[in-house]
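A.B. asks: Sequence unavailable; structure follows:
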Ligand code: PGA
């Protein structure tokens, strides 16, 4: 019922030429992937060119962030409307690196989600606890605050344009993956929380991705968990071989 999504977050890597080359290399490797939605998130400057290169494939394009205003005197910002114009259908919102280094808060996440949905795009909303928070048994309260704050005021219809990504900060780029059990426990908590805030049918339909050192050799185990509906992949998405192996986890 919930179609899995495998999304590659390219972060601040790859020139336009390298990004186009990677998507061209990926196309034949993922064309036979079964029952999965495929997304890549290049840097802003590559979006339009990567989107053109991916047109004849199943690969969809995401931006890594956006601003919430459509246009105006906001030097340096990019709106969801312009991301759509560049070929995006998804926008990653509230990645932990944005929260950590760029002052992203649950309030700005909320504004961005609203803007993304208003532009007709899907938001991939990231949440996750730090190591200190996990070690002091605050994981669930941190996740609850991020979800409540990020999704506040949204109509339940909006949830069909939202994908949640659970990314424990201690697992991002560290090679330390959450165990299948640790991830499933939080995914199940998030789904119950969505049921409480909205309703059971919305919670049953929303896709919750896991992110944090997902690799070809751990994706299958993670995907076997009942509440894990896909992956947000950083490091392993930068090479066609490893990303396509993750995308084809079901084959
Ligand atoms: P990683 O990054 O796969 O390199 O841990 C995941 C992410 O930051 O989305």
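C.D. replies: Arrived safely. Treat the numbers as computed from the prediction; the structure is a model and nothing was measured.
A.B. asks: residue in the chain nearest to the ligand?
C.D. replies: Residue of the chain nearest the ligand, by CB to the nearest ligand atom: residue 234 (2.2 Å). In short, each C-beta sits where N, CA and C put it, glycine included.
A.B. asks: what residues are up against residue 116?
C.D. replies: Neighbouring residues of residue 116 by CB atoms under 8 Å, 6 or more residues apart in numbering: 66, 80, 91, 93, 122-123, 161.
A.B. asks: mind checking how far the strand or helix carrying it is from the chain centre?
C.D. replies: Assigned by DSSP states H and E, residue 116 belongs to helix 106-118. Between the centre of helix 106-118 and the centre of its host chain there is 14 Å, according to CA atoms, centre = their mean, to the nearest Å.
A.B. asks: what's the answer for stretch 55-73, then?
C.D. replies: Distance, centroid of stretch 55-73 to centroid of chain: 13 Å (CA atoms, centre = their mean).
A.B. asks: Check which residues of that stretch are buried.
C.D. replies: 59-68 (16 or more other CB atoms under 10 Å).
A.B. asks: between those residues, which is nearest residue 111?
C.D. replies: Checking those against residue 111 with CB to CB, the nearest one is residue 68 at 4.0 Å.
A.B. asks: would you say the closest one is within a strand?
C.D. replies: No - under DSSP: H, G, I helix; E, B strand; the rest coil, residue 68 sits outside any strand and is assigned coil.
A.B. asks: Give me the local confidence score for it.
C.D. replies: Here the pLDDT value assigned to residue 68 is 98.
A.B. asks: Numbering from 363 from now on, please.
C.D. replies: With the count now opening at 363, the last piece we talked about shows up as residue 430.
A.B. asks: still on that earlier bit, and the residue of the chain closest to the ligand, how far is that from residue 460?
C.D. replies: Here the criterion is CB to CB, to the nearest Å. By it, residue 596 lies 13 Å from residue 460.
A.B. asks: quick check, distance from the helix or strand of the chain with the lowest mean pLDDT to the centre of its chain.
C.D. replies: Ranking every helix and strand in the chain by mean pLDDT, DSSP states H and E puts helix 493-497 at the bottom, with a mean of 94. With CA atoms, centre = their mean as the basis, helix 493-497 stands 22 Å off its chain's centre.
A.B. asks: now swap in stretch 427-437 and tell me
C.D. replies: Worked out by CA atoms, centre = their mean, stretch 427-437 lies 21 Å from the chain centre.
A.B. asks: hmm, back to that, burial count for the residue of the chain closest to the ligand?
C.D. replies: By the criterion of other CB atoms under 10 Å, residue 596 has 21 neighbours.
A.B. asks: List the contacts of it.
C.D. replies: Contacts of residue 596 (CB under 8 Å, 6+ apart): 370-371, 373, 534-535, 573.
A.B. asks: which parts of the stretch 513-613 of the chain sit against the ligand?
C.D. replies: Neighbours of the ligand within the stretch 513-613 of the chain, by CB under 6 Å from any ligand atom: 529, 534-535, 573-576, 594-598.
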